[in-house]
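Fold the following.
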Amino acid sequence: MSRQAIINVCQKEGIKLQTLSRGWLFRLEKDGRVRYMFKNCLALNAQSSGAIAADKFATYEVLRAANIPIIDHTILYPFDNHRDFAKGCNTIEYLEQYFNDHDQDIVLKPNHGYGGQGITHITSVKQFPAALDAAFAHSESASLCPFYHIYREYRVIMLDSEPRLVYGKKRGVDWRFNLQNGATSFDVSDPALYGRLTALARAAVRELDLRFCSVDIIELEPQSTADKAPELLIIEVNSAAVTAHYCEQHPDRADLVEAIYRDAILKMFE
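Numbering: from 1, shown residues only. Predicted coordinates for the structure are as follows:
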């Protein structure tokens, strides 16, 4: 989130703001009513919806079942997890088979993770040990997906089924598109692309029953010049809207971002 935007909104709207849990938790009080914001999440989404969005594999399964375009995912558990739900997805043989089935070009990432942490692009079995350590250091399970040749990545911030901020991301020297890793953000000026992105985001939030969230969408590199419209796939859905790095790159958008948080926060008190 943008901490300064939250502070500004609370000051302007007469909301008493208290920071708890070493900065992870906000207590908001207005007209005798109390609401909380925890780890960037506002008290607008149902707990079950937020839990699904926080789980990359669960999000994939829900959206795939609804025929909403999303990148392929499968689940991987630590090799010492012998519980029933992990069977068949908790061995080195399983990982090796997935790696070989996808042209020895995959991505391994924490199933519950954010900010590009613990993600490894794997093209050699020699990377397995370090990649597994990195993923499981951040999550009790990991997600596997094929490596996609991404041209652009986009983020759509949604509030009650309406797109409030849509922007693209160009990667820097890193192969990932995280702003904190050197990617740069830009406006989506093409009306047709804007319409496709927001339609896909609406479909996702409707299926997941989320009120306030951000939807990350990738645009694949065109296979030929004959491709009329780029293929768009959801990569993940976040039950929060983190804008700190966007605001650093676009300080002139502070009022826009603040308006998004203002509307979302006031909806918590409705």
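
Please enumerate the helices of the chain.
Shown for the chain, the helices assigned by DSSP state H span residues 3-12, 47-53, 56-65, 92-101, 128-136, 191-208, 244-249, 254-268.

helices or strands up against the first one?
With contacts defined as 3 or more C-beta pairs under 8 Å, 6 or more residues apart in numbering; DSSP states H and E, the secondary structure elements packing on helix 3-12 are strand 16-20, helix 244-249, helix 254-268. All C-beta atoms are positioned from the backbone trio N, CA, C, and that covers glycine.

Would you mind checking the average pLDDT for it?
Across helix 3-12, the average pLDDT comes to 88.

ok now it, how far from the chain's centre?
Here the centre of helix 3-12 is set off from its chain's centre by 24 Å, with C-alpha atoms, centre = their mean, to the nearest Å.

Pull out the buried residues from it.
Residues 5-6, 8-10 are the ones in helix 3-12 that count as buried (16 or more other C-beta atoms under 10 Å).

Ok, the shortest one next?
Buried residues in helix 244-249, counting neighbours by 16+ other C-beta under 10 Å, are found at 245-247.

and of the residues you listed, the nearest to residue 211?
Distances from residue 211 to the buried residues of helix 244-249, taken as C-beta to C-beta, are shortest for residue 246 (20.4 Å).

which strand residues sit across from residue 146 in the sheet?
Taking DSSP bridges as the rule, residue 146 bridges to residue 106.

got a list of what residue 122 touches?
Shown in contact with residue 122 (C-beta atoms under 8 Å, 6 or more residues apart in numbering): 99, 105-108, 128, 131.

Now, of those residues, which are buried?
Buried among the contacts of residue 122 (16+ other C-beta under 10 Å): 99, 106-108, 128, 131.

Report the two of those separated the most.
Taking C-beta to C-beta as the measure, these reach their widest spread between 107 and 128, a distance of 13.0 Å.

could you dump the buried ones among the contacts of residue 122 to TSV with pLDDT?
Output for the buried ones among the contacts of residue 122, formatted as TSV (pLDDT from 0 to 100):
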residue	pLDDT
99	98
106	98
107	97
108	97
128	97
131	96
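
Specify which member of those is nearest to residue 214.
residue 107 (20.0 Å).

What's the mean pLDDT across stretch 69-81?
On average, stretch 69-81 scores 97.

ugh, typo on my part, it should be stretch 242-251
For stretch 242-251, the per-residue pLDDT averages 87.

how far does that stretch stretch from start to finish?
Separation of the first and last residues of stretch 242-251 by C-alpha to C-alpha, to the nearest Å is 15 Å.

Just checking the distance from it to the centre of its chain.
Put simply, stretch 242-251 sits 16 Å off its chain's centre (C-alpha atoms, centre = their mean).

With that, I have no additional questions.
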